[in-house]
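Visitor: next comes the sequence, and after it the predicted model I'd like to discuss.
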Amino acid sequence: MRRALVVGIPLPHVTFDNYSFLSAPSLFDHDRVVVEMSSISDAVDQVVDGSPEYKTHGGHAVVNGPSGPKTFSLAELLRLRRLEAERLLARGGIVVCLTYPDVAHERIEGMPGWRRYDWLPAPEGFAYAEQLLAGYGKLGVEVDDAGHSFAPYVEEFGVRLAFRAYVSEEEGFSKFGRVFARSPGGAAVGVELAIGRGRVVLLPPLGQMDYSRDRVPLANTLHICLERMQEGDTERPPQSTRKEAS
């Protein structure tokens, strides 16, 4: 049974392992990872502000400073997440992002100017900070590619999806990018990026999430989409990975 690591949004499914971005085990120990991107900023900001809430998977408190016998540096952990994501994608893994705009975090000791997407590799010729544009669309997203593995997500929740970011389809985008969902105005809000042997899927989030009502159908739908992607629809040429984080 394939298992998925789910970060930042607790989803009930027998194959899902739920964690925060800072407490999760190494990303590459799963073949598929689902990340609610705004939760990364929430966790980072809380540590920067001195919250003792977050601990690594090994039980060390995450701190905005150097590592010690019982603590682990936030900056070091963010660097490790980048290496883990590179390894996950290099071995053909899938990263699914509930997408929000890229933002900078300036107060991380030892890593000033770290950005929300710096942990996630990008295809050659694509930069999240430049080509993932902020947007505040009204409810309603439409399927643009019915054969895509994540079309069922749009079909199930499309009338309730409100994009917070969309992809700029610049020249050369088709070499590594595939659009499967668009806003009513035609913006690319459901996008697949080929990175090495792996893939990153950018999804618009639900406009208003009612966990008591939506967690189960959301979990079931994402599971179906992940299964579809790993069982078929895999004929994509390998792409080189460009490192964006130092």
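Guide: Nice, I can see it. These numbers come from a predicted model, not from an experiment.
Visitor: check which helices and strands the longest strand belonging to the chain is in contact with.
Guide: Longest strand in the chain by number of residues (criterion: DSSP state E): strand 188-195. The contact analysis (3 or more Cβ pairs under 8 Å, 6 or more residues apart in numbering; DSSP states H and E) places strand 188-195 against strand 122-123, strand 165-167, strand 177-182, strand 198-203. No exception for glycine: its C-beta is placed from N, CA and C like everyone else's.
Visitor: where are the low-confidence patches of the chain?
Guide: 208-212, 233-246 (pLDDT under 70).
Visitor: which residues are in contact with whichever helix in it runs longest?
Guide: If you go by DSSP state H, the chain has its longest helix at helix 211-231. Contact with helix 211-231 is made by 2, 4, 10-13, 15-16, 31-32, 34, 94, 96, 149-150, 152-153, 156-157, 199, 201, 206, as judged by Cβ atoms under 8 Å, 6 or more residues apart in numbering.
Visitor: got a quick ChimeraX command for the buried subset of the residues you listed?
Guide: Of those, the buried ones go into a single ChimeraX selection, burial set by 16 or more other Cβ atoms under 10 Å:
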select :4,11,13,16,31,32,34,94,96,149,150,152,153,156,157,199,201
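Visitor: quick revisit: and the longest strand of the chain, how far out from the chain middle?
Guide: Put simply, strand 188-195 sits 11 Å off its chain's centre (Cα atoms, centre = their mean, to the nearest Å).
Visitor: ok, now stretch 195-203?
Guide: Worked out by Cα atoms, centre = their mean, stretch 195-203 lies 10 Å from the chain centre.
Visitor: pull out the buried positions in it.
Guide: For stretch 195-203, by 16+ other Cβ under 10 Å, it's 195-196, 198-203.
Visitor: among those residues, which two are most distant?
Guide: Greatest spacing in the buried residues of stretch 195-203, by Cβ to Cβ: Gly196 and Leu203 (20.5 Å).
Visitor: beta-bridge partners for the residue sitting nearest the centre point of the chain, please?
Guide: Nearest to the geometric centre of the chain sits Cys97, at 2.8 Å (Cα atoms, centre = their mean). Beta-bridge pairing for Cys97 (DSSP bridges): Val35, Leu202.
Visitor: wait, it sits on Val200?
Guide: Yes. With contacts counted by Cβ atoms under 8 Å, Cys97 reaches Val200, the gap being 6.7 Å.
Visitor: now do the shared contacts for those two.
Guide: By Cβ under 8 Å, 6+ apart, the residues touching both Cys97 and Val200 are Leu120.
Visitor: ok, the closest residue to Ser73 other than its chain neighbours - contacts?
Guide: Leaving out its chain neighbours, the residue that sits closest to Ser73 by Cβ to Cβ, 6 or more residues apart in numbering is Ser67, at 4.4 Å. If a contact means Cβ under 8 Å, 6+ apart, then Ser67 has 60, 73, 76 as its contacts.
Visitor: quick one, helices of this protein?
Guide: So, for the chain - with DSSP H - the helices run 37-48, 74-90, 128-131, 151-157, 211-231.
Visitor: mind putting those helices into TSV with distance to Asp144?
Guide: Shown next, in TSV, are the helices of the chain (distance: least, Cβ to Cβ, whole Å):
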stretch	distance to Asp144
helix 37-48	22
helix 74-90	24
helix 128-131	18
helix 151-157	9
helix 211-231	15
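Visitor: for the closest residue to Gly58 other than its chain neighbours, give its distance to Leu22.
Guide: Distances taken as Cβ to Cβ, 6+ apart put Phe72 closest to Gly58, at 7.8 Å, once the chain neighbours are dropped. Going from Phe72 to Leu22 by Cβ to Cβ, to the nearest Å gives 9 Å.
Visitor: which residues do these two both contact?
Guide: In contact with both Phe72 and Leu22: 56, 62, using Cβ under 8 Å, 6+ apart.
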